[in-house]
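Peer 1: Sequence plus predicted model, see below.
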Amino acid sequence: MLDEQRHPSLRHDQQKYAFDQDAELDLLDITRFFYDNRLRLAGCFVLLLSIGLGGLFAWRFTRPLKVQGRLVLSFKGIEKGVYPDGRKFSIATLRSPDVVRAALMDAKLAGDRAAACRLSPDVEVAPIIPRSVAAKWAKQDKDGAPREEYFPSEYAVSFALAGLPREAGVRLFKALVRRYRDQEKDMESSTLRLATKNIQGDYYTGLLQDSSYEYEDIPRILDAGVAPLNASLGVMFGNAADPVVQAELKGVQNDLAAWSTTRLETLKALASAAGIVKNRETASARVHYRLNENNILIQQKTGEIAEAFKLLAAVQKPQPLLIGQAGKDSTAPDSVALGNLIGGNYISPVVRRIADLQQETKALEADKIRLEKDAVRVAQARVVAPGRLPAGYRDAVASASKELERIVGDYNAIVDRYLTTTVSNAIVVTDGPRVVREAPALYLQLAVIVLLSGLLAVLWVRLETFSWAAREETDPAPETPAPIRRALQAE
């Protein structure tokens, strides 16, 4: 009664909303309810929203911190899941203990193996799938079709701070990405770069003093060292599409050709004309061994040529005769093989094989002539100790190896610039690094809290209205005062 005396409109509201609960609500009733109770709804909503926001931010503030960022890979082949050199791509290298340990040391943190092993599993790397691909996968799953293959090129990288300062966490993230770039670059360079250890002048000067090598072995070793460079140049010409890189590689190729025709040929001529050896018995034994091996190869190639000519001659005979001859002569070629040769165009490869064998045999015969001359030369050579070696020969070895070292160094510099462009610069961080709390997205949580606050505010006001209506029904009607009752009776 006191509430009704203080708020006269309260009884009106109670009577207005004390309708039959079984009656169906229409839009007008709902609109009238929200309009008439707008102030109370707003107050309840603000109160509940304040409580929800306070609890949300208090909860988020207690969540652990983590460093996160987005890594984008754009090197050649990533769309097919391979590295530029054809190796299968794996993002697991980013969280390997070796990379993590090097990053810890760069960030001036604990760089021991144990710390790296503890942090490595905490580095989370998740692929970022575009919405178009996810929608296509959802449709394929719905249709029961296999998913289309997709190789992601963007990854979300994160790890917990675990007590580290914010600045240290950001520094560690940058060091981790930098070390990952270096790791991938080293993996690529291992197949393209050439080691310079065995082409330095000191190395070949040491070979001159080594009794295991003869003086004439130095040009052969230098010549053998050029083969990997030629092979690597061929690979680089096929991989590098940049015209600038192609021109630089062409320059290295020209320098190598000039070195072979000047430095190397001069060294070979000096070694042959000097007529000196370190140990005559050892040098003679080596020459005769190589001569015997050469004779064996010549006999082998000659036998292969004879068999090929025999097969070629047999193919040109009539087929019935071949089959009959195969049944009588055990040395004749197999009839099935002959039938295949006659039925298909296999004669040209046989002829080509014969030509190749003849060329190989001629080369072996030329080597045999040189080895025979070497045997005579070694028998007549002077034994000269390394300390008494002519200065001209020693200088020629040093200049040839130094020039080759420069050429290989130029090639390695080209490879390093190429890998920096194609690998290192193709691994970039597009978002972050930044320190955040380990919690769901804030906008989703805010949307949920606003929605719940609104629903609870409506429910609160609605229950309050029903409570007033129920109390009105149970309260007894007030008794009419006696003077008023007597006046009504008199009338």
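Peer 2: In hand now; what should we look at? Residues are numbered from 1 along each chain as shown.
Peer 1: and Tyr418, how many neighbours?
Peer 2: Counted with other C-beta atoms under 10 Å, residues neighbouring Tyr418 total 22. The way it works is simple: take the backbone N, C-alpha and C, and place the C-beta from them, glycine included.
Peer 1: show me the contacts for it.
Peer 2: Contacts of Tyr418 were listed using C-beta atoms under 8 Å, 6 or more residues apart in numbering, and they are 192, 236, 239-240, 242, 245.
Peer 1: wait, Phe89 sits on Lys76?
Peer 2: No: here Phe89 does not reach Lys76: they are 11.1 Å apart, not a contact under C-beta atoms under 8 Å.
Peer 1: can you pull the contacts of Arg63?
Peer 2: Arg63 neighbours (C-beta under 8 Å, 6+ apart): 437-439.
Peer 1: So which residues of the stretch 151-300 of the chain form helices?
Peer 2: For the stretch 151-300 of the chain, applying DSSP state H, counting those that start in this stretch gives helices covering 166-189, 201-209, 217-239, 243-259, 265-274, 280-315.
Peer 1: re the thing from before, give the PyMOL command for selecting the buried subset of the contacts of Tyr418.
Peer 2: Per 16 or more other C-beta atoms under 10 Å, the buried members of the contacts of Tyr418 correspond to this PyMOL selection:
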select buried, resi 192+236+239+240+245
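Peer 1: Please convert the contacts of Tyr418 to JSON lines, extending it with pLDDT and distance to Glu154.
Peer 2: Formatted as JSON lines, the contacts of Tyr418 follow (pLDDT from 0 to 100; distance: C-beta to C-beta, whole Å):
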{"residue": "Leu192", "pLDDT": "78", "distance to Glu154": "27"}
{"residue": "Met236", "pLDDT": "86", "distance to Glu154": "29"}
{"residue": "Asn239", "pLDDT": "80", "distance to Glu154": "24"}
{"residue": "Ala240", "pLDDT": "83", "distance to Glu154": "26"}
{"residue": "Asp242", "pLDDT": "85", "distance to Glu154": "25"}
{"residue": "Val245", "pLDDT": "89", "distance to Glu154": "27"}
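Peer 1: Kindly reformat the contacts of Tyr418 as CSV containing distance to Gly303.
Peer 2: Listed next are those as CSV, based on distance: C-beta to C-beta, whole Å:
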residue, distance to Gly303
Leu192, 41
Met236, 41
Asn239, 42
Ala240, 45
Asp242, 50
Val245, 48
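Peer 1: picking that back up, just want to know which of Phe89 and Lys76 has more residues nearby.
Peer 2: Phe89 (18 against 15).
Peer 1: Arg181: neighbour count?
Peer 2: 19.
Peer 1: Hmm, it is touching Thr422, no?
Peer 2: No: under the criterion of C-beta under 8 Å, Arg181 makes no contact with Thr422, lying 11.6 Å away.
Peer 1: Just give the number of residues close to Gly392.
Peer 2: With other C-beta under 10 Å as criterion, Gly392 counts 11.
Peer 1: all strands for this structure, in order.
Peer 2: Per DSSP state E, the chain carries strands over the ranges 65-73, 124-127, 154-160, 276-277, 382-383, 427-437.
Peer 1: Can you add mean pLDDT, mean neighbour count and distance to Tyr215 and give the ones you listed back as JSON lines?
Peer 2: Output for these, formatted as JSON lines (pLDDT from 0 to 100; neighbours: other C-beta atoms under 10 Å; distance: least, C-beta to C-beta, whole Å):
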{"stretch": "strand 65-73", "mean pLDDT": "91", "mean neighbour count": "19", "distance to Tyr215": "52"}
{"stretch": "strand 124-127", "mean pLDDT": "90", "mean neighbour count": "13", "distance to Tyr215": "57"}
{"stretch": "strand 154-160", "mean pLDDT": "91", "mean neighbour count": "18", "distance to Tyr215": "57"}
{"stretch": "strand 276-277", "mean pLDDT": "80", "mean neighbour count": "18", "distance to Tyr215": "6"}
{"stretch": "strand 382-383", "mean pLDDT": "82", "mean neighbour count": "11", "distance to Tyr215": "11"}
{"stretch": "strand 427-437", "mean pLDDT": "87", "mean neighbour count": "15", "distance to Tyr215": "50"}
